[in-house]
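Visitor: Below is the structure, and that's it, no one-letter string:
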């Protein structure tokens, strides 16, 4: 399987942070490339043990082919894998990123550029990394709009299955990065990935791309919020996020998407930037999955009839006192999508004085359902934003 053309013969040292589906798959694919050294920073005991015992990881491709790779290093300690890094790719959930960046900041190379990015790069990763890596001016901060490939059926330390690959990838660098740094970053990404890579003009194009931060909270609110059929009582059976999406969930999702688009328009006017790449959610989903969606006429149809979404189950736990199920409050649908995704959209709308009543309502309800926010993206939204963006641009 050819994944990328060679972009020079120098060794490229890649460190992947996170041993989940995306981390496993990227590590295996990168090891198929000449001149790429791949290390992994992970707390996954099965993966660490597998590497210690000398086993290779396997990636099962859609066509039935299997790729195998043994990583160059796997450790739970940042200092053991970061020393010579050129590319650091963070794949852990947004709520784990602050602690991770704190751990790696002190051990990143200081004598050369080191490109620190997140896949996907949502939830304001550029602002978080800017704050966490303030003492590392050689760090080039970047993020990717979405995962390059879908991955599933992970057996940690053994194998992972690859689903569809994106036909084009989009990445962005922090607005502080120079033209030379962006060029080098693009070269590294093109070397690692088979699909064409386009570098977006502004990181806000990633931050504002609609996705899980409005999708999951809208469905939860439509199911068990104050107007939902299952408000105050357990769900009778297990359900799938999208195939079983209630009409009310799709309604709130459309309202949230409209408010997110309103936020984009306000930022275009305030900052003089082009955010036309941030398309309405229904359009984004249709363009991504095309003929896999049987009913493209409405948001509800797009969600319920998308074959790519059919087997995605909602995070449920058995109710303790009653028969049935409850939405799992420990799910990343809350601790990532609400605390680090939806919180950021609400915070940005408040700063810009953009009316976002549905985003506000759904956010406030979720925070109460979660028992409050212990940490969120609001902790690193720059105090002077959006004026700080204007200063940088001038």
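Guide: Looks like it arrived, so ask away. Model, not experiment: these values are computed from the prediction.

Visitor: low pLDDT regions in this structure?
Guide: 1-9, 389-394 (pLDDT under 70).

Visitor: Which residue ranges make up the domains of it?
Guide: If you go by automatic domain parsing, the domain ranges for the chain are 12-206, 208-393.

Visitor: and these as CSV, adding mean neighbour count?
Guide: Where you see a C-beta, it was placed from the backbone N, CA and C, and this is true even at glycine. Output for those, formatted as CSV (neighbours: other Cβ atoms under 10 Å):
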stretch, mean neighbour count
domain 12-206, 19
domain 208-393, 18
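
Visitor: Can you work out which other helices and strands pack against the longest helix seen in the chain?
Guide: Assignment by DSSP state H gives helix 247-271 as the longest helix of the chain. Where contact means 3 or more Cβ pairs under 8 Å, 6 or more residues apart in numbering; DSSP states H and E, helix 247-271 is packed against helix 212-224, helix 281-289, helix 299-304, helix 343-352, helix 357-370, helix 387-393.

Visitor: now the angle from it to helix 281-289?
Guide: 100 degrees (axes from the mean of the first three to the mean of the last three Cα atoms, to 10 degrees).

Visitor: now the angle between helix 212-224 and helix 247-271, please.
Guide: Going by the same axes, to 10 degrees, helix 247-271 makes 150 degrees with helix 212-224.

Visitor: Just put the helices and strands packed on helix 247-271 in TSV and tack on distance to residue 92.
Guide: Output for the helices and strands packed on helix 247-271, formatted as TSV (distance: least, Cβ to Cβ, whole Å):
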stretch	distance to residue 92
helix 212-224	15
helix 281-289	23
helix 299-304	27
helix 343-352	17
helix 357-370	20
helix 387-393	27
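
Visitor: Ok, which of these comes nearest residue 265?
Guide: helix 343-352 (10.2 Å; Cβ to Cβ).

Visitor: which residue is nearest the middle of this structure?
Guide: The centroid of the chain falls nearest to residue 120 when counting by Cα atoms, centre = their mean (3.0 Å).

Visitor: Now do the contacts for the nearest residue to that residue once chain neighbours are set aside.
Guide: Nearest non-adjacent residue to residue 120, counting by Cβ to Cβ, 6 or more residues apart in numbering: residue 146, 5.3 Å away. Listed by Cβ atoms under 8 Å, 6 or more residues apart in numbering, the contact partners of residue 146 are 120, 166, 169, 170, 209, 211.

Visitor: roughly how far apart are the last one and residue 257?
Guide: With distances taken as Cβ to Cβ, to the nearest Å, residue 211 is found 10 Å from residue 257.

Visitor: Need the residues touching each of those two.
Guide: Residues touching both residue 211 and residue 257 (Cβ under 8 Å, 6+ apart): residue 281.

Visitor: that older thread, verify the stated contact: the residue nearest to the centre of the chain with residue 148.
Guide: No. Residue 120 lies out of contact with residue 148 (Cβ atoms under 8 Å); the separation is 9.7 Å.

Visitor: what residues are up against residue 81?
Guide: If you count contacts by Cβ under 8 Å, 6+ apart, residue 81 has them with 15, 39, 40, 41, 73, 74, 75.

Visitor: OK, contacts around the nearest residue to residue 292 once chain neighbours are set aside?
Guide: Counting by Cβ to Cβ, 6+ apart, residue 292 lies nearest to residue 307, which is 4.5 Å off, once chain neighbours are set aside. Neighbour list for residue 307: 289, 292, 293, 294 [criterion: Cβ under 8 Å, 6+ apart].

Visitor: In this structure the first one contacts residue 310, no?
Guide: Going back to what we said before, that points to residue 289. No. The criterion here is Cβ under 8 Å, and residue 289 misses it with residue 310 at 11.4 Å.

Visitor: other SSEs contacting the helix or strand containing residue 115?
Guide: Assigned by DSSP states H and E, residue 115 belongs to strand 114-118. For strand 114-118, the packing partners by 3+ Cβ pairs under 8 Å, 6+ apart come out as strand 87-90, helix 97-105, helix 125-132, strand 139-144, helix 179-192.

Visitor: Please produce JSON lines containing those, extended by distance to residue 383.
Guide: Formatted as JSON lines, the helices and strands packed on strand 114-118 follow (distance: least, Cβ to Cβ, whole Å):
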{"stretch": "strand 87-90", "distance to residue 383": "24"}
{"stretch": "helix 97-105", "distance to residue 383": "17"}
{"stretch": "helix 125-132", "distance to residue 383": "11"}
{"stretch": "strand 139-144", "distance to residue 383": "19"}
{"stretch": "helix 179-192", "distance to residue 383": "26"}
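
Visitor: so what's residue 265 closest to, chain neighbours aside?
Guide: Leaving aside its chain neighbours, residue 265 sits nearest to residue 275 (8.0 Å; criterion: Cβ to Cβ, 6+ apart).

Visitor: I'd say that neighbour and residue 269 touch.
Guide: No. Counting by Cβ under 8 Å, residue 275 does not reach residue 269; the two are 10.4 Å apart.

Visitor: quick one: stretch 193-209 to chain centroid distance?
Guide: 12 Å (Cα atoms, centre = their mean, to the nearest Å).

Visitor: Same check on stretch 146-153?
Guide: 11 Å.

Visitor: For the stretch 1-150 of the chain, which segments are assigned as strands?
Guide: With strands called from DSSP state E, counting those that start in this stretch, the stretch 1-150 of the chain shows them at 12-17, 36-41, 57-60, 66-69, 73-75, 87-90, 114-118, 139-144, 149-155.

Visitor: Just put those strands in a markdown table and tack on distance to residue 341.
Guide: As requested, these are exported to a markdown table (distance: least, Cβ to Cβ, whole Å):
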| stretch | distance to residue 341 |
| --- | --- |
| strand 12-17 | 19 |
| strand 36-41 | 24 |
| strand 57-60 | 28 |
| strand 66-69 | 32 |
| strand 73-75 | 29 |
| strand 87-90 | 16 |
| strand 114-118 | 13 |
| strand 139-144 | 14 |
| strand 149-155 | 19 |
